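> coords please:
(one chain, ligands or ions: 2)
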Amino acid sequence: MTMTVNAANLYQRVSHVVPAVEWITMADDVEAILQLKRERNAVILAHNYMTPEIFHAVADITGDSLALAREAVNVDADVIVLAGVHFMAETAKLLNPGKTVLIPDLASGCSLAESITPADVRALRAANPGVPVVTYVNTSAAVKAESDLCCTSGNAVEVIESLGVPKVIMIPDQYLAANIARQTGVEVITHPGACEVHERFTPADITDLRESWPGVTVLAHPECPPAVVDVADYAGSTAQMVDFVATRQPERVALITECSMSDNVAQQFPGTEFVRPCNLCPHMKRNTLASIRHALETMTNEVTVPADVADRARTAVERMLEVKVTK
Ligand code: 13P
Ligand code: SF4
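Ligands and ions are numbered 1, 2, ... in the order given. Okay, the predicted model is just below:
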C-alpha cells in the first residue's frame, strides 16, 4: 500500500509516536474521515486523551473538557463528532442543540458519570438544605439537571469561589472535591465516585518515578487522590498541564494522567523529555479511526438529551461557562 501526498504530510504530525508501518494501515481511514467531514459538513471535537492519529490527523478542535464545552457553543458546522466520552457529547448537544452530535461508540462511558444518579443528588440536597450543588461535568445530563452549576477540573477553584459560601456539595469525584476543598478552604460534602484511571496512581508511583528519573517535574491531574497530589509538583487539568509545560519548560516531565496525553503534547515541546507512566482509559480508547469513520459514514450514534432534562442541565453548564477563569 502506498501513501497519498496528503497522508504523507499528515504523517509528519504523528511520526514521533506512530511507526511508519502502522501509519500505512491508518492512512485509508484518515483520508476517508477527511472526505466525510467535507461531505457531511462535520467537525471533530477531540479530547486530549485521544490517540495521536485522531488528535493530530483528523480532529478539528482539541482540548480539555472545559475547552471542548466552550468550543461546542461556537460550532457552525451541521454535525459535531465528539471524540471523547458520552457526557462530553451530551454537553455539546446541550450547548448547541441545533447540531447533530455523534459519538463514535455509545459505550464510551466514564466511571465518574456511572457513580451517581439524579436520585443521589436529590438525597444529598435533602440532607443538606440550602447548600449549593456543584457537579463535575463528568456526569449525565440528568444529574446535571439536578445541580446548581457545573465545573471541570480546569475551573473548579473559580467555580467554587464564585459562590462565596462556606460549604458546597461537590459531586461525584471524592478526590477532586478533596483537592479543591484544600485549595479554596471551602468545606465540601461529596460522593464516593472516582475516576478509574486516576485513582490507581499512588504516592509510591511518584517516589519510584523520582528515583528512576532524577529531576523530573511531576504534574498530577486533580482526579488523583490527594496523597498523590501532595507529592506532585503541580496539579491541574489536562490543558493546565500543557500550559505548565509551555511556560515553565521543564527539562523532564511526567504527566500523571491518561496515556495519550504525553504522546499528544510531546511533539509540541521538543526541549522537554516526557517520562510516560500512565493508565489507559478504556472508555476514551473506544474512539478509533474506524469508529469515527463509521459514525460519519452511517451518521450514528446520535446523542440527544430529553427535553425535560435539557433545559435544567443547560442552565447548570451555562452558569459554569459564565464564571471567569484566569487561564
Ligand atoms: P480534563 O481534560 O478536563 O482535565 O478532564 C480529564 C478527564 O478525565 C476527562 O474525562
Ligand atoms: Fe472518566 Fe477517568 Fe476515563 Fe476521564 S479518564 S473518561 S474521568 S474514567
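> could you use CA atoms for every contact and neighbour count after this?
Noted.
> pull the longest helix from the chain.
The helix spanning the most residues in the chain, taking DSSP state H as the definition, is helix 20-40.
> identify all contacting residues around that helix.
1-3, 7, 11, 42-43, 57-58, 78-79, 289-290, 292-293, 296-297 (C-alpha atoms under 8 Å, 6 or more residues apart in numbering).
> over to stretch 51-64?
Counting by C-alpha under 8 Å, 6+ apart, 10-11, 13-14, 17-18, 30, 33-34, 43-48, 68, 71, 154, 237-239, 260, 263-264, 285, 288-289 sit against stretch 51-64.
> run the last query once more with 6 Å
10, 43-48, 238-239, 260, 264 (C-alpha atoms under 6 Å, 6 or more residues apart in numbering).
> kindly report the same for stretch 233-244.
For stretch 233-244, contacts defined as C-alpha under 6 Å, 6+ apart pick out 64, 153-154, 218-222.
> so what's the residue count around whichever residue of the stretch 101-250 of the chain sits closest to ligand 1?
Using C-alpha to the nearest ligand atom, Ser237 is the residue of the stretch 101-250 of the chain that sits closest to ligand 1, at 3.5 Å. By the measure other C-alpha atoms under 10 Å, the count of residues near Ser237 is 22.
> do the same with the one 4 residues further on
Residue neighbour count, defined by other C-alpha under 10 Å, stands at 23 for Met241.
> also Leu66?
By the criterion of other C-alpha under 10 Å, Leu66 has 22 neighbours.
> so what's it closest to, chain neighbours aside?
Thr152 (6.1 Å; C-alpha to C-alpha, 6 or more residues apart in numbering).
> contacts only, for Asn74.
Applying C-alpha under 6 Å, 6+ apart, no residues contact Asn74.
> for it, grab phi and psi.
Asn74 adopts backbone torsions of phi -90, psi 0, taken as degrees, to the nearest 10.
> please report how far it lies from ligand 1.
18 Å (C-alpha to the nearest ligand atom, to the nearest Å).
> against Leu68, how distant is that residue?
Separation of Asn74 from Leu68 (C-alpha to C-alpha, to the nearest Å): 10 Å.
> can you check Asn138 too?
13 Å.
> neighbour count for these two, which is higher?
The residue with more neighbours, out of Asn138 and Leu68, is Asn138; 28 against 22, by other C-alpha under 10 Å.
> just give the closest residue to that one, not the sequence neighbours.
Ala113 (5.3 Å).
> count the neighbours of that neighbour for me.
22.
> let me see the contact set for it.
With contact set as C-alpha under 6 Å, 6+ apart, Ala113 has these partners: 138-140.
> same thing but at 10 Å, please
86-87, 136-141, 143, 172-173, 193-195 (C-alpha atoms under 10 Å, 6 or more residues apart in numbering).
> now swap in Thr272 and tell me
Contacts of Thr272 by C-alpha under 10 Å, 6+ apart are 245-246, 249-253, 266.
> next step: these restricted to helices.
Of the contacts of Thr272, the ones assigned to helices by DSSP H are 245-246, 266.
> Ile80 - that's part of a helix, no?
No - assigned with DSSP: H, G, I helix; E, B strand; the rest coil, Ile80 falls outside any helix and is strand.
> count the neighbours of the residue in the stretch 1-150 of the chain that ligand 2 sits nearest to for me.
At 3.7 Å from ligand 2, Cys110 is the closest residue in the stretch 1-150 of the chain, using C-alpha to the nearest ligand atom. Around Cys110 there are 22 other residues, counting by other C-alpha under 10 Å.
> then Glu22?
9.
> mind checking pLDDT for it?
If you check Glu22, the pLDDT there is 95.
> near ligand 1, which residues of the stretch 201-327 of the chain? Just list them.
237-238 (C-alpha under 6 Å from any ligand atom).
> so where's the stretch 201-327 of the chain uncertain?
327 (pLDDT under 70).
> shared neighbours of Asn138 and Leu68, anything?
With C-alpha under 10 Å, 6+ apart, Asn138 and Leu68 have common neighbours 88, 91.
> now do the helices in the stretch 151-300 of the chain.
For the stretch 151-300 of the chain, the helices defined by DSSP state H, counting those that start in this stretch occupy 156-163, 174-184, 203-212, 226-231, 238-248, 260-266, 289-298.
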